[in-house]
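Novice: Curious how this folds, go ahead:
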Amino acid sequence: MSSGSRTPPARPTRRGFLKASGAAVAAGAALGAAGVAAAASDGRQRIAADPLHAVEPFFDAHQGGIVTPQQSHTYVAALDLTTTSRDDVIALLRAWTDAAARLAQDGTAASLQDAKDDAPPPDAGDVLGVGPAGLTVTFGFGPGLFTSGGKDRYGLAHRRPAALVDLPRFNGDQLVPEKTGGDLFIQACANDAQVAFHAVRQLARLAYGKAQMHWGQAGFVSAPPGATPRNLMGFKDGTNNPPIRDPKLMDQFVWADAADAPWMAGGTYTVVRRIRITVEHWDQMELGFQEQVFGRRKLSGAPIGKDGEFDPVDLDAQDKDGNPLIAENSHVRLSNRASNDGAQILRRSYSYNDGTNFYIERWPPWRQETEYDAGLIFIAHQRDPRTGFIPINEKLAKFDMMNQFTTHVGSAIFACPPGARRGSYIGAGLFET
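Specialist: Predicted coordinates:
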């Protein structure tokens, strides 16, 4: 995905900052007020350019973290509601809204100035002094908020959008229950890993007694400013996204059709898949084969047969023998809009690396060994998963050559409502009649 700055420039050290401050004072003494003003202006510009000082608005028509230029880190989590009280759910969403708005501004969920010695501090304090780091917090509602075990938990079953479907089991899925589903969704994205984790940690803490953690996952992307990030397979990920700065295309592909659920107007449906990549297997493949799997050149990101990353994919191009230049079972062909009745989704995925684990591979040579537990946190926003992710992934799950190297082990779907208004709370339209 084309995005904004992801690689933070080197931050000045405290000693360097003090030296710079001293130099500014000396310059001010020599040059007078004009020199001081110029130095101060330059300092403000440096702060504004620092990704750790970036501030993203929380209150807006749409939630942040959807069409926001992609930050370098994320922490996504799903919680299960434990309370039986609808009022408790509303109180939690109010508390989350207030905390998320503060986190986005100054990086903490509550002030520590008035913390008392005989009570837990209202914020862990682990990111004090770091800055908000462009933090966005996105909330979503899973199917379990509406019904669970066939029961209407909070009187909301009749307000469940038709588009919030239970995802089908796809070919090759090896879903782990501990990494699948969830009633409430939190996606924190920031230009610092600890800031993203801190946000989810503080919000989960506010949920004690009302909801408990079901799963959580940290992720990262790395790319030069403005460039499409590469996944762990070394290929650019998100090149064919609809442009996030095109409102018409966002309305067409991302923002929800609210015909049967007016409270979702301005929201989106988010699919999250945890996809493990057998990088040990992939790393043994010839470059030409890797490019055939993707249907793109590894270095440039260009479709096979083209020169530029954003050149249109030509699915009709043939080689001298009349064979398709882009393989019939390549990832780019099967996922391309032209192969899916014009359907398109907005990918905003992150890589993950959880160390190593012992695995038994499902493909020849069926190795049994300790391997990397690494892969992709696939995150896709769309207007309607019934015409977006589901039909696209059904095709990919059956025919994609990439399936030799990937296994879907976690899955969830959420209705992410529109942004909150000041004085209100996230998802208020769902609960207010």
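Novice: Do I have it right that residue 425 meets residue 92?
Specialist: No - between residue 425 and residue 92 no contact is recorded; they are 9.4 Å apart, counting by Cβ atoms under 8 Å. Any C-beta I mention is one placed from the backbone N, CA and C, and that applies to glycine too.
Novice: Would you mind measuring from residue 129 to residue 112?
Specialist: 12 Å (Cβ to Cβ, to the nearest Å).
Novice: Comparing these two, which shows the higher neighbour count?
Specialist: residue 112 (12 against 8; other Cβ atoms under 10 Å).
Novice: ok so residue 102 is a helix residue?
Specialist: Yes - using DSSP: H, G, I helix; E, B strand; the rest coil, the assignment for residue 102 is a helix.
Novice: Find the residue closest to it in space, skipping its chain neighbours.
Specialist: residue 109 (6.0 Å; Cβ to Cβ, 6 or more residues apart in numbering).
Novice: can you list the residues that contact stretch 118-132?
Specialist: The contact list for stretch 118-132 (Cβ atoms under 8 Å, 6 or more residues apart in numbering) reads 50, 52-56, 103-112, 115, 190, 192, 194-195, 198, 201-202, 205.
Novice: Inside helices: which ones of those residues?
Specialist: Of the contacts of stretch 118-132, the ones assigned to helices by DSSP state H are 103, 104, 105, 106, 194, 195, 198, 201, 202, 205.
Novice: Now do the same contact list for residue 384.
Specialist: By Cβ under 8 Å, 6+ apart, the contact set of residue 384 is 163, 256, 257, 269.
Novice: go again using 10 Å as the cut-off
Specialist: Contact analysis of residue 384 by Cβ atoms under 10 Å, 6 or more residues apart in numbering lists 161, 162, 163, 164, 165, 253, 256, 257, 268, 269, 343, 390.
Novice: Show me where the stretch 1-150 of the chain dips below the pLDDT cut-off.
Specialist: Residues of the stretch 1-150 of the chain that meet the criterion pLDDT under 70 lie in 1-48.
Novice: just to revisit the earlier point, could you double-check that the residue nearest to residue 102 lies in contact with residue 99?
Specialist: Yes - the criterion here is Cβ atoms under 10 Å, and residue 109 meets it with residue 99 at 4.2 Å.
Novice: Could you tell me which residues touch both of the two?
Specialist: Joint contacts of residue 109 and residue 99 (Cβ under 10 Å, 6+ apart) are 122, 123, 199, 202, 203, 205, 206.
Novice: from those, which single one is nearest residue 233?
Specialist: If you rank the shared contacts of residue 109 and residue 99 by distance to residue 233 using Cβ to Cβ, residue 199 comes first, at 28.9 Å.
Novice: Tell me how many other residues crowd that closest one.
Specialist: For residue 199, the neighbour count with other Cβ under 10 Å is 30.
Novice: does the spatially closest residue to it that is not a sequence neighbour have beta-bridge partners, and which?
Specialist: Excluding its sequence neighbours, the residue lying closest to residue 199 (Cβ to Cβ, 6+ apart) is residue 188, at 3.9 Å. According to DSSP bridges, the residues that bridge with residue 188 are residue 75, residue 137.
Novice: for residue 188, what are its contacts?
Specialist: 65, 71, 73-77, 100, 103-104, 135-138, 195-203, 218.
Novice: Try it again at 6 Å.
Specialist: By Cβ atoms under 6 Å, 6 or more residues apart in numbering, residue 188 lies in contact with 75, 137, 196, 199, 200.
Novice: Looking at those residues, which is nearest residue 299?
Specialist: Nearest to residue 299, judged by Cβ to Cβ, of those is residue 196 at 30.2 Å.
Novice: ok, which stretches of this protein are helices?
Specialist: Under DSSP H, the chain gives helices at 14-31, 33-49, 86-106, 193-206, 247-253, 279-282, 287-294, 331-335, 389-399, 428-431.
Novice: which one among the contacts of residue 188 gets closest to residue 364?
Specialist: Closest approach between the contacts of residue 188 and residue 364, by Cβ to Cβ: residue 75, at 35.8 Å.
Novice: Can you tell me the closest non-neighbouring residue to residue 337?
Specialist: Spatial nearest neighbour of residue 337, chain neighbours left out: residue 344 (5.0 Å); criterion: Cβ to Cβ, 6+ apart.
Novice: same deal with residue 361?
Specialist: Per Cβ to Cβ, 6+ apart, closest to residue 361 is residue 367, 4.9 Å.
Novice: wait, doesn't that neighbour sit right on residue 359?
Specialist: No - proximity of residue 367 to residue 359 does not meet the contact threshold set by Cβ atoms under 6 Å, at 7.9 Å.
Novice: if you count what's nearby, which of these two comes out ahead?
Specialist: Ranked by neighbour count (other Cβ under 10 Å), residue 367 and residue 359 place residue 359 first, with 17 against 13.
Novice: Could you list everything the closest residue to that one other than its chain neighbours pairs with in the sheet?
Specialist: Nearest non-adjacent residue to residue 359, counting by Cβ to Cβ, 6+ apart: residue 371, 5.0 Å away. Judged by DSSP bridges, the bridge partners of residue 371 are residue 357.
Novice: For residue 72, see how far away residue 217 is.
Specialist: Per Cβ to Cβ, residue 217 is found 16 Å from residue 72.
Novice: which residues in the stretch 301-433 of the chain form strands?
Specialist: Using DSSP state E, counting those that start in this stretch, the strands of the stretch 301-433 of the chain run over 346-347, 350-360, 368-382, 406-416.
Novice: Now do the shortest one, average pLDDT.
Specialist: Per-residue pLDDT values across strand 346-347 average out to 98.
Novice: Can you give the strand pairings for it, parallel or anti for each?
Specialist: Sheet pairing here is set by DSSP bridges, and for strand 346-347 it gives strand 368-382 (antiparallel).
Novice: sorry, back to before: nearest to residue 184 among the shared contacts of residue 109 and residue 99?
Specialist: residue 203 (9.5 Å).
Novice: Show me the domain layout of this protein.
Specialist: 16-46, 56-433 (automatic domain parsing).
Novice: which of those domains sits most buried?
Specialist: domain 56-433 (a mean of 18; mean count of other Cβ atoms under 10 Å).
Novice: How far does that domain sit from its chain's centre?
Specialist: Chain-centre distance of domain 56-433: 4 Å, with Cα atoms, centre = their mean, to the nearest Å.
Novice: among the strands of the stretch 301-433 of the chain, which is nearest residue 312?
Specialist: For these, the distance to residue 312 is smallest for strand 346-347, at 18.0 Å, taking Cβ to Cβ.
Novice: which residues in the stretch 101-250 of the chain form strands?
Specialist: Using DSSP E, counting those that start in this stretch, strands in the stretch 101-250 of the chain cover 136-141, 147-148, 151-152, 184-190, 211-220.
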